[in-house]
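# Whatever this is, show me its structure:
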Amino acid sequence: MTRLIVIGARSTGTSLALVRAALDRQLDVTVISGPNDSLEGVFAPEVELVNLPTEAEAVVAWLRRHYPDSERRLRVTTANDVYARLAAQVTDTLGLPGPDAASVARCVSKAWQKSMLATQDLPTSRFVVGALTDLTALWGKLPLVRFPVVIKPSEGSASHGVKLCRDFDQASEHLEALAGELRANLRTGLTDCVIVEEYLEGAEYCVEYFDGRYVGAMRKFKRHGEGFLERGYTSELDLDDRALRRLIDSGTQAVERAGLTWGPVHLDCIVREGVPYVIELNPRIAGSFICDIVRDGYGFRMVERLLDKLQGRPVVVPELFAPSAYARVEFLLDSDPLPWDFSKPGELKNGDLHISYGPQRAADRERRAYLYVRRTFQPTEPTEPPAEKRHEEAIA
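Residues are numbered from 1 along each chain as shown. Purely as a prediction, here's the structure:
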């Protein structure tokens, strides 16, 4: 029987949906996590949990020892961008279906992404790159960017270590804190490399791709402040057709030039005065109810299609543009009033309107609950401008 190996998972969202969907298909499931992760009690009892060093050689050796003839029996993926490179390396070593390992290895570095976007003339913010083990050299580069700036580790997930700094003193304090975390080795995925980029004002969007093709976009809400914590997402884009087309096309070019044309890819973008700026690419399936919004707002089932790809089934990606239904998720954070909480999951239905809610404890995101609202998906005729009109707009 086929066994799905999920290298790197979370206790929420897409990880749960991916494992549940695999079990529904009668697949065996093993979740492999790193030394700093704890997933006990998260998944169904039949899911095998394994904690291993985060090196491809160790994971491959363990798989070959426990599952001989692994090239035929196993399928490997990830639901956590910290483990995207490891999962791709394991997949490549075992000769299994998956994204191009070299492209994923490059793309997990946000520093490489920024350089690629700049050399390909795709709009992105001005930036400098430095090392946490040589902050003195990085101080000398800071005059090349204008404050306020965003400081982020070159590798990482869920805005860990990402902070808005309005002056040199704030930047210095945050970089010293990151250097301390690196020395203490407390965070999986934190590396020596760090990026300092100019802060862009504008609405933030997530744009989703599958096999290099666009499958949906959503507007992102963030908590006010310096840490960019997720507040939620909505399929209500607040973009006209021309701005949405630009957003889609910029993302498509970035995905193609990064070599990420197998399976799911998640992009973060800022739209400023109608111009889309690609902030970063994530070579893995998205979390935080994003797959749910793509399913309910656009009709594309990202989790199911990923399992189809892994099992060798054909996947047809439809032509998509604007959403065909409303879907929105709100996260309740630790900073919200205490009554804003749900101790138990529940749902409400009224005709086409469906509301689900419940606890979702994620300390690293300061999250404690969610509220998800959707209207039953109703396919509609594409709303994209005709090809000749798009051509005229492109010339303009």
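
# Angles on the backbone of residue 375, please.
As for residue 375, its main-chain torsions (degrees, to the nearest 10) stand at phi -110, psi 140.

# Could you measure from the closest residue to it other than its chain neighbours over to residue 353?
Closest residue to residue 375 apart from its sequence neighbours, by CB to CB, 6 or more residues apart in numbering: residue 326 at 4.6 Å. In this view, the C-beta of every residue, glycine as well, is placed from N, C-alpha and C. With distances taken as CB to CB, to the nearest Å, residue 326 is found 9 Å from residue 353.

# With neighbour numbers in mind, choose between these two.
residue 326 (18 against 12; other CB atoms under 10 Å).

# who touches the more buried one in this structure?
234-236, 297, 373-375 (CB atoms under 8 Å, 6 or more residues apart in numbering).

# ok so, going back, quick one: the residue nearest to residue 375 and residue 371, what's the gap?
Taking CB to CB, one finds residue 326 at 14 Å from residue 371.

# for residue 90, same thing?
Distance from residue 90 to residue 371, by CB to CB: 37 Å.

# Look at those two and report which has more neighbours.
Remark: of residue 90 and residue 371, residue 90 carries more neighbours, 28 against 16, as counted by other CB under 10 Å.

# wait, is the more buried one part of a strand?
No - applying DSSP: H, G, I helix; E, B strand; the rest coil, one finds residue 90 to be helix, outside a strand.

# which residues touch it?
5, 7, 56, 59-60, 63, 76.

# rewinding a little: out of the contacts of residue 326, who has the most neighbours?
residue 297 (27 neighbours).

# Give me the three-state assignment for the most centrally placed residue in the chain.
The C-alpha lying nearest the average C-alpha coordinate of the chain belongs to residue 286 (CA atoms, centre = their mean; 4.2 Å). Per three-state DSSP, the secondary structure class of residue 286 is coil.

# Count residues in the vicinity of the spatially closest residue to it that is not a sequence neighbour, would you?
Of all residues not flanking residue 286 in the chain, residue 266 sits nearest, at 4.0 Å (CB to CB, 6+ apart). Other residues near residue 266 come to 22 when the count uses other CB under 10 Å.

# my read is residue 266 is in a strand, agree?
Yes - the assignment for residue 266 is a strand, going by three-state DSSP.

# Pretty sure residue 280 is one of the things it touches, is it not?
No - judged on CB atoms under 8 Å, residue 266 makes no contact with residue 280 at a distance of 9.1 Å.

# you'd agree residue 146 is up against residue 196?
No - taking contacts as CB under 8 Å, residue 146 lies outside contact range of residue 196: 10.8 Å.

# Tell me which of these two has more neighbours.
The neighbour count for residue 146 versus residue 196, taken as other CB under 10 Å, is higher for residue 196 (23 against 10).

# for that one, which residues make a bridge with it?
residue 128, residue 151 (DSSP bridges).

# quick one: it and residue 126 touch, right?
No - judged on CB under 8 Å, residue 196 makes no contact with residue 126 at a distance of 9.7 Å.

# just to revisit the earlier point, which residues do residue 326 and residue 353 both contact?
If you check residue 326 and residue 353 against CB under 8 Å, 6+ apart, the residues they both contact are 373-375.

# Switch these over to CSV, and while doing so, append pLDDT to every line.
What follows is the shared contacts of residue 326 and residue 353, written out as CSV (pLDDT from 0 to 100):
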residue, pLDDT
373, 97
374, 95
375, 88
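
# show me what contacts residue 30?
Residue 30 sits next to 3-6, 47-50 when contact means CB under 8 Å, 6+ apart.

# most neighbours, which of those?
For the contacts of residue 30, neighbours tallied by other CB under 10 Å; top is residue 5, 27 neighbours.
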